[in-house]
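J.: I'd like to go over a predicted model; first the sequence, then the structure.
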Amino acid sequence: MKIYLKCIFYSLGITLFFSTVAVGQNTKVIEVKTKSTSLVYAVDQSKRLIFQYYGKAVDASDNFLRQQAYPKPDTNRDFSYEAYPTFGLGNINEPALSVIHADGSLNTELAFEGEETKSPQPGVSETVILLKDRIYNLTVELHLKAFEEEDVITQWAVIGNQEDGSVQLTRFASSFLPIKAERYYLTHFYGAWAGEMNVTEEKLENGIKVIECKKGVRTTQTENPSFILSVNNPAMENAGDCYGGALAWSGNYRLDFQVDESKRLNITTGINPFLSSWSLKAGERFTTPEMIYTFSSRGRGQVSRNLHDWGRKYGMVGGNKIHDIVLNSWEGAYFTFNENTLTGMMDDAAEMGIETFVLDDGWFGNKYPRNSDHAGLGDWQTNEKKLPRGLDYLIDYAHSKGLKFGLWIEPEMVNPESELAEKHPEWIVQSPGREKIVWRNQLLLDLSNPKVQDFVYSVFDSLLTTHPGIECIKWDANRHVEQAGSTFLPATEQTHFWVSYTEGLYNVYKRIRTKYPDFVIQDCASGGGRLDYGALKYHNEFWTSDNTDPLSRIFIQYGTNLIYPPVGTASHVSTSPNHQTMRVTPLKFRFDVAMTGRLGMELQPKDIQGKDREFAMEAIKNYKQYVRPLITNGDLYRLKSPYDEGGWASQMYVSKENSSVVLFVFSLEPHLRGVFPTVKLNGLDPTKTYQIEEINMNGWSHFWGDGQTFKADYLMNAGLELQIGVQYDSAVFILKEIK
Ligand code: GLA
């Protein structure tokens, strides 16, 4: 018997849903597709929205429909997985959503109400599926945004409360993905200050593996809300089914990987619900952050390339634009400088071909001068003693040398020794009555408070309004949350602090981007402590790590570029011995490593003289001419992992038309006499022929065939036998298509 549920309207916000669903017979399949992937859901006979499939493109809606209609044993629940499982379903796995309803009930059961697909822009489609509790007026919109060319599907949920009173959201994930395979191998990231994005892979067994952060701010220093999941076998570069995921959220996150009793892997991702229950008033909506997914049947190399393409186009500001080569003052001057120190650095920078000079920490504070990290944070006025002619003098000087001028700020933070802390103690994150815990001698401003948001916005805006010559800002954040607590939020909403802080930060970013859409902003939090697609959306690049040692950077950038684009990966040549590791390395090695990302320098450039200076200038020229266009718009192929035994690392970038390539090879260890790497290229058009030329040479070539032409087939299958084996030796080659 057919029972028709007639025309259910749900007018929520601006979206209007209209759908007729036949219960009893008509099931329905909802497919979200990109060039090479499909994500499929089905509505079953009782209006449950069931996950069916996510993987390589499948053009067979009717098959899924028949599969769904086929009666399952028992209650059906053990054999099919809801698209957005809730507590109260009878499913004992981790729920995506748990709600305490207005009447105190703990159970939620969602039923399909309708679905709509739009195309907000060419190459992008957005499907919205509306679900509603079977009893309560609580709704969930599942948003699925498909990026055709990049093979990326992003997901988020909007929870709407139309009940009679407030409901408490105690779990509110962005996305749920149940995957079925024989075995699951999770690649994820770990680290510490000056050692971010180390890569580890583990086989998942029954139980829950959690990747999470509870630090509120600087959330990616130790873990990262991203991963690669390889099914059946450990991840390979060029073969095998791999999923890539990244959560666009700069606050606390939690990624759950639960292998359940039926050997499915349930991936539940979103904001960390830890001490964060959210009270949603009647009539309000809660939007979760976006979870970014990609799938590749050709290994994790393609996962990275998909994410890079997506990131450059949709996930960051100016991702396809050429980035300037930067000299940053930090490691060259730290807090100790005057006008002459800085203008001297600019003279050298200009002579060496650098394009932007960034004045880092130490330029501000008068009553409490910022001469160390003990004082001044919050007082964003130029220090008159160090810089008597003000910022404009420096800006004009930079411009007179043909350089752009950039400036460091850390506007979310305050030193107790500052005029700001004296004036606005109530703006500080705090737990009333308790002693405040300082970290790097600083405290955090409470961005859940709109007045603090105004202040932080005005730090940025006033600097740019007063000094319109500033062309770049490095935005830092050097501590995390130790004691949560807001004098602004009411007692009943203290658990909102974590989410409200991050939303407050995003409000500021949005205001900035409305007024300054293309302005260059670097994302930094003690290095890579805020490296996520939530923050990156408002930034042009990120400071990858405070560790500038080239050997450490090979590992850090290898991990970083598994998920995030090389064009945004700020990578600076610093002095030797390195300030973080004390390691001594050749200048060429430091340059060659830094050229795999967004090249810059972070030292006192007058210390580079003679032959070294000639080499540096030549390398900067080469970067501009040959390397930078490929870092900006090319495809990354990893050829040798620094994690593999052997002590080599190698990667290449190839232009989208396959006409030019830059190849990097590094020797990480001393190798025995006669032990040389053979490097096989990838991603070339096999019908093409290329001329190879080594650049950044120190007088001799590492390749016997330097200057000669080679068939792509040879390059990819036989490979290049290179004479490189001494520790910290490296080679960079340019390949050009010969027509
Ligand atoms: C952080 C940043 C560094 C530098 C210092 C300045 O550690 O990561 O690059 O800007 O702060 O205090």
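T.: That came through, no problem.

J.: And the residue of the stretch 301-450 of the chain that's closest to the ligand?
T.: Scanning the stretch 301-450 of the chain for the residue nearest the ligand gives residue 361, at 3.5 Å (criterion: Cβ to the nearest ligand atom). C-beta: built from backbone N, CA, C; applies to glycine.

J.: What backbone torsions are found at that residue?
T.: Comment: the main-chain dihedrals of residue 361 come out as phi -50, psi 150, following degrees, to the nearest 10.

J.: Tell me, how many residues neighbour the closest residue to residue 738 other than its chain neighbours?
T.: Closest residue in space to residue 738, ignoring its immediate chain neighbours: residue 689 at 4.8 Å, by Cβ to Cβ, 6 or more residues apart in numbering. Other residues near residue 689 number 18, with proximity taken as other Cβ atoms under 10 Å.

J.: Please apply the same query to residue 697.
T.: Number of residues near residue 697 (other Cβ under 10 Å) recorded here: 16.

J.: which ones are touching the nearest residue to residue 197 once chain neighbours are set aside?
T.: Taking Cβ to Cβ, 6+ apart, and ignoring the residues beside it in sequence, residue 197 has residue 559 as its nearest neighbour in space, at 3.4 Å. For residue 559, the residues meeting the contact criterion (Cβ atoms under 8 Å, 6 or more residues apart in numbering) are 189, 196-199.

J.: Residue 196 too?
T.: Contacts were defined as Cβ under 8 Å, 6+ apart; by that measure residue 196 touches 189, 220-221, 224, 527-529, 531, 544-545, 556, 559-560.

J.: And the buried ones among the residues you listed, selectable in PyMOL?
T.: A single PyMOL command selects the buried members of these (16 or more other Cβ atoms under 10 Å):
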select buried, resi 189+220+221+224+527+528+529+531+544+545+556+559+560
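
J.: and the contacts of residue 196, which of them are in helices?
T.: 556, 559-560 (DSSP state H).

J.: ok, and for the helix of greatest length in the chain, which residues are buried?
T.: When every helix of the chain is counted residue by residue (DSSP H), the longest turns out to be helix 497-515. Residues 497-509, 511-513 are the ones in helix 497-515 that count as buried (16+ other Cβ under 10 Å).

J.: Check which element follows that helix along the chain.
T.: Remark: after helix 497-515, the chain's next helix or strand is strand 520-523, criterion DSSP states H and E.

J.: could you say what helices and strands that following strand packs with?
T.: With contacts defined as 3 or more Cβ pairs under 8 Å, 6 or more residues apart in numbering; DSSP states H and E, the secondary structure elements packing on strand 520-523 are strand 470-475, strand 541-543.

J.: Output the ones you listed in a markdown table, with mean pLDDT and mean neighbour count appended to each entry.
T.: Supplementary listing: those in a markdown table, determined by pLDDT from 0 to 100; neighbours: other Cβ atoms under 10 Å:
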| stretch | mean pLDDT | mean neighbour count |
| --- | --- | --- |
| strand 470-475 | 98 | 22 |
| strand 541-543 | 98 | 28 |
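
J.: Any chance of TSV for those strands, columns distance to the ligand?
T.: Rendered in TSV, the data for those read as follows (distance: least, Cβ to the nearest ligand atom, whole Å):
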stretch	distance to the ligand
strand 470-475	7
strand 541-543	6
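
J.: Low-confidence bits of the stretch 551-700 of the chain, can you list those?
T.: Residues of the stretch 551-700 of the chain that meet the criterion pLDDT under 70 are absent altogether.

J.: Near the residue in it that the ligand sits nearest to, how many other residues are there?
T.: Using Cβ to the nearest ligand atom, residue 602 is the residue of the stretch 551-700 of the chain that sits closest to the ligand, at 8.0 Å. The local packing count at residue 602 equals 25, with neighbours defined by other Cβ under 10 Å.

J.: and the closest residue to it other than its chain neighbours, what are its bridge partners?
T.: With Cβ to Cβ, 6+ apart as the measure, residue 572 is the residue that lies nearest to residue 602, at 3.8 Å, once sequence neighbours are left out. Taking DSSP bridges, one finds residue 600 as the beta-bridge partners of residue 572.

J.: Could you do residue 244 as well?
T.: Beta-bridge pairing of residue 244, defined through DSSP bridges, involves residue 228, residue 294.

J.: hang on, residue 387 packs against residue 397?
T.: No. Contact criterion Cβ atoms under 8 Å: residue 387 and residue 397 do not qualify, at 11.2 Å.

J.: Can you name the next helix or strand after the strand or helix carrying residue 663?
T.: Assigned by DSSP H and E, residue 663 falls within strand 660-667. Beyond strand 660-667 in the direction of the C-terminus, DSSP H and E gives the next helix or strand as strand 678-679.

J.: Does anything pack onto that next one? Which helices or strands?
T.: Under the contact criterion of 3+ Cβ pairs under 8 Å, 6+ apart, the helices and strands touching strand 678-679 comprise strand 720-721.

J.: who does the strand it packs on touch, helix- and strand-wise?
T.: Here strand 720-721 touches strand 678-679, going by 3+ Cβ pairs under 8 Å, 6+ apart.

J.: neighbouring strands for the strand it packs on, and are they parallel or not?
T.: Based on DSSP bridges, the pairing partners of strand 678-679 within the sheet are strand 720-721 (antiparallel).
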